[in-house]
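# all I have is the shape, not the residue letters:
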């Protein structure tokens, strides 16, 4: 799901690149690469690669810190339920699912 | 799309309340102990989505009895599925129900029967997550069956449903914005519908004073000397030049100290299009002397990148391209001194006129 969110975010920048925003092209490409990396990390987790799990946890922690910063700064960042679900609840859920626990189906 | 509709707020509350209730009630069913964590998670989420639908029945009963009836059926079926995780056909029934509910919402929004809002979108995300949990094969399943079919279903359903929902809601939101969303990402100040003569006079006065005060800045060198600096890429058709000193000083709609100037980027150099007044704080609209003629606007949920000061729009799932951050800009009011089909105080400058200026 996260990979898809970033894929959509990357594609959403394309019309602005066509409108003349040259730097947006770099951000769109970076977002698409992140989407691909997230997908590969997801596959790595399914294949029970230890490194993939570590990468995923690191990625989610970075996402959480970034989201917390955006929510705390007075810059009018979106604080709606969808934003909280996608940028806060989802990373927390992934970290919880990836914790080391013999009863956890994803561990 | 980024606001919670007043009528739907009760759905959000019901969905949140349903989670602890589900965690309390669902473990009482017989098959709960043998169910995997994914199945349990899906059951809890389906209880939450059931509560959202049932809470919205009352609002729809008056004008939309069919929708209300569908919500009742939907809620009851989701509750029934949550309490029957041991049922042989549970996965098939749950998947079908979740897919039908998500697609049903998309059809409703596209058909104009429902406006996209945060409660609807959040509910669809919860349902998509539940669908993923229903389909994903994990260790410790009591009846591990049809694993390849489930993986295929997961690999197809998730991207297709997520992209379809996102694209449909976004297109609908851009094509059919509500009265206060004049263009993508901009929310208009709430005003009276028709301008009074006094408001028209005030608007004309503001226009005349602003036009006179910014006339010297037709020469961009003078604007530069006054402290205005381009705030974005020069490859765009137009650029806002901002005066940070005037922004910090907090002048309120002062024609002598406009916070910004807008220049067209032409092959002959910058051509002055108009001025921009900006308030200091988000959500604080400026004095609306001209009523609907001089309504301020505020850009909300834009993805802003400090890299080249460019922006795009936040996606319906509240994400921005990597490196951009979601922000809202304080309210602003443009005064166009070049003829603009939308009027001298329009939110945007006409793209065709801009092209003509560049070609002239």
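All right, it came through fine. Predicted model only: the values in this text are computed from it and were never measured.

# against chain A, how distant is residue B:299?
Distance of residue B:299 to chain A, given as C-beta to the nearest C-beta, to the nearest Å: 9 Å. From N, CA and C alone the C-beta is placed, and that goes for glycine too.

# not counting its neighbours along the chain, what's nearest that residue?
residue B:329 (4.3 Å; C-beta to C-beta, 6 or more residues apart in numbering or on different chains).

# could you pull up phi and psi at the one you found?
Residue B:329 has phi and psi values of phi -100, psi 140 when expressed as degrees, to the nearest 10.

# that one and residue B:298 touch, don't they?
Yes - Residue B:329 lies in contact with residue B:298 (C-beta atoms under 8 Å); the separation is 6.6 Å.

# show me what contacts residue B:284?
B:330, B:331 (C-beta atoms under 8 Å, 6 or more residues apart in numbering or on different chains).

# swap the cut-off to 10 Å and go again
B:252, B:296, B:298, B:330, B:331 (C-beta atoms under 10 Å, 6 or more residues apart in numbering or on different chains).

# need the overlap of contacts for residue B:329 and residue B:298.
In contact with both residue B:329 and residue B:298: A:76, B:185, B:186, B:278, B:279, B:282, using C-beta under 10 Å, 6+ apart.

# tell me which helix or strand of chain B sits lowest on mean pLDDT?
strand B:181-183 (a mean of 57; mean pLDDT, DSSP states H and E).

# what's the following helix or strand after it?
Moving toward the C-terminus from strand B:181-183, the next helix or strand (DSSP states H and E) is strand B:186-188.

# got a list of contacts for that following strand?
B:2-3, B:177-182, B:283, B:285, B:292, B:295-302, B:328-329, B:331-332, B:347-348.

# tell me the buried residues in whichever helix in chain A runs longest?
Assignment by DSSP state H gives helix A:22-46 as the longest helix of chain A. With burial defined by 16 or more other C-beta atoms under 10 Å in any protein chain shown, the residues of helix A:22-46 counted as buried are A:23-28, A:30-32, A:34-35, A:38, A:41-42, A:44-45.

# end to end, how far does stretch B:53-73 reach?
Terminal residues of stretch B:53-73 lie 9 Å apart, using C-alpha to C-alpha, to the nearest Å.

# okay, the residue in chain A positioned nearest to chain B: pLDDT?
In chain A, the residue that lies nearest chain B is residue A:76 (2.8 Å; C-beta to the nearest C-beta). Looking at residue A:76, its pLDDT stands at 87.

# how near is it to residue B:187?
For residue A:76, the distance to residue B:187 equals 11 Å [C-beta to C-beta, to the nearest Å].

# where do the contact lists of the two overlap?
B:283, B:298, B:299, B:300, B:301, B:328.

# who's in contact with residue 1?
Going with chain A. A:38, A:42, A:86, A:90, A:93-94, B:125, B:128-129, B:132, B:158-159, B:162, B:317.

# I was after chain B.
Residue B:1 touches A:80, A:82, B:109, B:115-118, B:120-121, B:169-170, B:172-174, B:177-178, B:181, B:301, B:314, B:316, counting by C-beta under 10 Å, 6+ apart.

# that one and residue B:114: what is the separation?
12 Å.

# again, but for residue B:102
13 Å.

# next: residue B:231.
Distance from residue B:231 to residue B:114, by C-beta to C-beta: 38 Å.

# which of those two has more residues huddled nearby?
More crowded of residue B:231 and residue B:114, by other C-beta atoms under 10 Å in any protein chain shown: residue B:114, with 20 against 12.

# now do the SS call for the more buried one.
Applying DSSP: H, G, I helix; E, B strand; the rest coil to residue B:114 yields a three-state assignment of coil.

# which residue packs closest to it, ignoring adjacent ones?
Here the residue nearest residue B:114, using C-beta to C-beta, 6+ apart, is residue B:108, at 4.3 Å.

# which phi and psi values does that neighbour adopt?
Taking degrees, to the nearest 10 as the convention, residue B:108 sits at phi -60, psi -40.

# correct me if wrong: it contacts residue B:165.
No - in this structure, residue B:108 is not within contact of residue B:165 by C-beta atoms under 10 Å, at 11.7 Å.

# any idea how many residues pack against the residue in the stretch 251-360 of chain B that chain A sits nearest to?
Per C-beta to the nearest C-beta, residue B:328 is where the stretch 251-360 of chain B lies closest to chain A, at 2.8 Å. Residue B:328: 20 surrounding residues under other C-beta under 10 Å.

# neighbours of the residue lying closest to it once chain neighbours are set aside, how many?
In space, and not counting its chain neighbours, residue B:328 is closest to residue A:76: 2.8 Å by C-beta to C-beta, 6+ apart. For residue A:76, the number of neighbouring residues by other C-beta under 10 Å comes to 20.

# got a list of what residue A:76 touches?
Counted by C-beta under 10 Å, 6+ apart, residue A:76 has contacts A:70, B:281-283, B:298-302, B:326-330.

# can you tell me the helix or strand for residue B:242?
strand B:238-243.

# give me the pLDDT for residue 50.
No chain in the question, so chain A it is. Model confidence at residue A:50 (pLDDT) stands at 87.

# my question was about chain B
With respect to pLDDT, residue B:50 has a value of 97.

# relative to chain A, how far out is the nearest residue to it once chain neighbours are set aside?
Closest residue to residue B:50 apart from its sequence neighbours, by C-beta to C-beta, 6+ apart: residue B:78 at 3.6 Å. Going from residue B:78 to chain A by C-beta to the nearest C-beta gives 18 Å.

# re the thing from before, can you list the shared contacts of residue B:329 and residue B:298 in CSV and add distance to residue A:15?
Listed next are the shared contacts of residue B:329 and residue B:298 as CSV, based on distance: C-beta to C-beta, whole Å:
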residue, distance to residue A:15
A:76, 23
B:185, 13
B:186, 16
B:278, 26
B:279, 28
B:282, 25
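
# spatially, which two of the residues you listed are the most separated?
Farthest apart among those by C-beta to C-beta are B:185 and B:279. That separation is 16.9 Å.

# show me the contacts for residue 6.
Assuming you mean chain A. Neighbours of residue A:6 in contact, by C-beta under 10 Å, 6+ apart: A:30-39, B:315, B:317, B:319-322.

# hmm, I had chain B in mind actually
Going by C-beta under 10 Å, 6+ apart, the list of residues near residue B:6 reads B:59, B:117.
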